[in-house]
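Chemist: requesting a structural model of the entry that follows:
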Amino acid sequence: MRDVAAMLKAIHAQEDLESARQKAVAVAEKLRNMKLSEAAKKVESSIEETLTYMHFPSEHWIRIRTNNGIERIMKEIRRRTRVVGSFPDGNSALMLVCARLRHVASSNCGTKRYLNMSLLIGQFTATDQHDVG
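Modeler: Residues are numbered from 1 along each chain as shown. Model (predicted):
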(Lines give C-alpha, C1' and ligand atoms only; values in the text may rest on other atoms or scores of the structure.)
Protein backbone atom coordinates (compact mmCIF):
# COMPACT_ATOMS: atom_id res chain seq x y z
CA MET A 1 0.00 0.00 0.00
CA ARG A 2 2.82 2.37 0.87
CA ASP A 3 4.53 1.64 -2.46
CA VAL A 4 1.36 2.39 -4.42
CA ALA A 5 0.88 5.70 -2.57
CA ALA A 6 4.47 6.66 -3.37
CA MET A 7 3.93 5.83 -7.05
CA LEU A 8 0.79 7.98 -7.21
CA LYS A 9 2.58 10.88 -5.51
CA ALA A 10 5.41 10.55 -8.03
CA ILE A 11 2.95 11.23 -10.86
CA HIS A 12 1.98 14.57 -9.35
CA ALA A 13 5.57 15.48 -8.49
CA GLN A 14 6.47 15.81 -12.18
CA GLU A 15 7.52 19.18 -13.58
CA ASP A 16 5.02 19.38 -16.44
CA LEU A 17 1.89 17.79 -17.82
CA GLU A 18 3.56 15.61 -20.43
CA SER A 19 6.04 14.08 -17.99
CA ALA A 20 3.19 13.45 -15.53
CA ARG A 21 1.28 11.60 -18.25
CA GLN A 22 4.36 9.51 -19.07
CA LYS A 23 4.86 8.74 -15.39
CA ALA A 24 1.19 7.68 -15.13
CA VAL A 25 1.68 5.19 -17.97
CA ALA A 26 4.77 3.80 -16.22
CA VAL A 27 2.90 3.56 -12.91
CA ALA A 28 -0.02 1.75 -14.56
CA GLU A 29 2.40 -0.75 -16.10
CA LYS A 30 4.10 -1.26 -12.73
CA LEU A 31 0.71 -1.83 -11.08
CA ARG A 32 -0.09 -4.48 -13.69
CA ASN A 33 3.20 -6.21 -12.94
CA MET A 34 2.22 -6.21 -9.26
CA LYS A 35 -1.04 -7.96 -10.29
CA LEU A 36 -3.11 -4.86 -9.46
CA SER A 37 -4.87 -4.61 -12.82
CA GLU A 38 -7.97 -2.83 -11.45
CA ALA A 39 -5.78 -0.13 -9.90
CA ALA A 40 -3.91 0.19 -13.20
CA LYS A 41 -7.20 0.65 -15.08
CA LYS A 42 -8.28 3.31 -12.58
CA VAL A 43 -5.01 5.22 -13.02
CA GLU A 44 -5.33 5.10 -16.81
CA SER A 45 -8.98 6.16 -16.88
CA SER A 46 -8.84 8.88 -14.24
CA ILE A 47 -5.38 10.42 -14.44
CA GLU A 48 -6.43 13.34 -16.66
CA GLU A 49 -8.93 14.49 -14.04
CA THR A 50 -6.25 14.60 -11.38
CA LEU A 51 -3.84 16.51 -13.64
CA THR A 52 -6.27 19.32 -14.49
CA TYR A 53 -4.41 21.76 -12.24
CA MET A 54 -1.35 21.45 -14.52
CA HIS A 55 -3.15 23.43 -17.23
CA PHE A 56 -2.69 26.52 -15.04
CA PRO A 57 0.61 28.37 -14.35
CA SER A 58 2.94 26.35 -12.12
CA GLU A 59 2.82 29.09 -9.45
CA HIS A 60 -0.87 28.21 -8.90
CA TRP A 61 -0.47 24.43 -8.72
CA ILE A 62 -0.11 24.00 -4.96
CA ARG A 63 -3.05 26.25 -4.21
CA ILE A 64 -5.29 24.57 -6.75
CA ARG A 65 -4.32 21.07 -5.58
CA THR A 66 -5.09 21.74 -1.93
CA ASN A 67 -7.95 23.36 -0.08
CA ASN A 68 -5.98 24.78 2.84
CA GLY A 69 -7.92 28.05 2.86
CA ILE A 70 -11.25 26.33 3.33
CA GLU A 71 -9.79 23.89 5.85
CA ARG A 72 -8.40 26.77 7.92
CA ILE A 73 -11.80 28.46 8.10
CA MET A 74 -13.54 25.20 8.99
CA LYS A 75 -11.01 24.52 11.76
CA GLU A 76 -11.65 27.99 13.19
CA ILE A 77 -15.41 27.42 13.14
CA ARG A 78 -15.06 24.01 14.83
CA ARG A 79 -12.84 25.52 17.51
CA ARG A 80 -15.31 28.30 18.27
CA THR A 81 -18.36 26.02 18.35
CA ARG A 82 -16.60 23.60 20.74
CA VAL A 83 -15.88 26.45 23.18
CA VAL A 84 -19.56 27.30 23.37
CA GLY A 85 -20.46 23.63 23.84
CA SER A 86 -24.16 23.32 23.19
CA PHE A 87 -26.48 25.76 21.47
CA PRO A 88 -30.10 26.40 22.43
CA ASP A 89 -31.15 25.93 18.80
CA GLY A 90 -29.79 25.64 15.28
CA ASN A 91 -30.16 29.37 14.59
CA SER A 92 -27.77 30.37 17.36
CA ALA A 93 -25.08 28.02 15.97
CA LEU A 94 -25.70 29.40 12.48
CA MET A 95 -25.40 32.98 13.77
CA LEU A 96 -22.01 32.21 15.36
CA VAL A 97 -20.71 30.63 12.15
CA CYS A 98 -22.02 33.51 9.99
CA ALA A 99 -20.48 36.08 12.32
CA ARG A 100 -17.09 34.38 11.98
CA LEU A 101 -17.38 34.19 8.19
CA ARG A 102 -18.36 37.88 8.04
CA HIS A 103 -15.31 38.74 10.15
CA VAL A 104 -13.01 36.76 7.85
CA ALA A 105 -14.53 38.37 4.75
CA SER A 106 -14.21 41.91 6.11
CA SER A 107 -10.77 41.59 7.72
CA ASN A 108 -7.35 41.43 6.14
CA CYS A 109 -7.78 37.64 5.81
CA GLY A 110 -10.70 38.15 3.46
CA THR A 111 -8.88 40.63 1.23
CA LYS A 112 -5.77 38.56 0.54
CA ARG A 113 -5.43 37.22 -2.98
CA TYR A 114 -5.21 33.47 -3.03
CA LEU A 115 -4.03 33.35 -6.66
CA ASN A 116 -2.09 35.86 -8.72
CA MET A 117 -4.65 36.42 -11.47
CA SER A 118 -2.21 38.38 -13.64
CA LEU A 119 -0.57 35.05 -14.50
CA LEU A 120 -3.80 33.95 -16.16
CA ILE A 121 -4.03 36.88 -18.58
CA GLY A 122 -3.81 35.47 -22.07
CA GLN A 123 -4.03 31.91 -20.71
CA PHE A 124 -7.55 31.37 -21.99
CA THR A 125 -9.12 32.17 -25.34
CA ALA A 126 -12.44 33.97 -25.72
CA THR A 127 -14.27 30.65 -26.20
CA ASP A 128 -12.79 29.27 -22.98
CA GLN A 129 -13.98 32.32 -21.07
CA HIS A 130 -17.45 31.90 -22.55
CA ASP A 131 -17.56 28.25 -21.41
CA VAL A 132 -16.42 29.14 -17.88
CA GLY A 133 -18.74 32.13 -17.40
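
Chemist: every contact and neighbour count from this point should use C-alpha atoms.
Modeler: OK.

Chemist: of all the helices and strands in this structure, which has the lowest average confidence?
Modeler: The helix or strand of the chain with the poorest confidence is helix 126-132; it has a mean of 48 (mean pLDDT, DSSP states H and E).

Chemist: give me the distance between the residue of the chain positioned farthest from its centre and Arg78.
Modeler: Computed with CA atoms, centre = their mean, the residue of the chain farthest from its C-alpha average is Pro88, at 35.6 Å. The gap separating Pro88 from Arg78 is 17 Å, by CA to CA, to the nearest Å.

Chemist: contacts only, for Ser37.
Modeler: Counting by CA atoms under 8 Å, 6 or more residues apart in numbering, Ser37 makes contact with Leu31.

Chemist: pLDDT value on it, please?
Modeler: Per-residue pLDDT puts Ser37 at 89.

Chemist: if I look at it, how far off is Thr52?
Modeler: Distance of Ser37 to Thr52, computed by CA to CA: 24 Å.

Chemist: also Ile73?
Modeler: From Ile73 to Thr52 the distance is 25 Å (CA to CA).

Chemist: how is this structure divided into domains?
Modeler: 2-55, 67-133 (automatic domain parsing).

Chemist: count of neighbours near His12?
Modeler: For His12, the count of nearby residues is 20 (other CA atoms under 10 Å).

Chemist: touching, Phe87 and Leu96? I think so.
Modeler: No: the criterion here is CA atoms under 8 Å, and Phe87 misses it with Leu96 at 9.9 Å.
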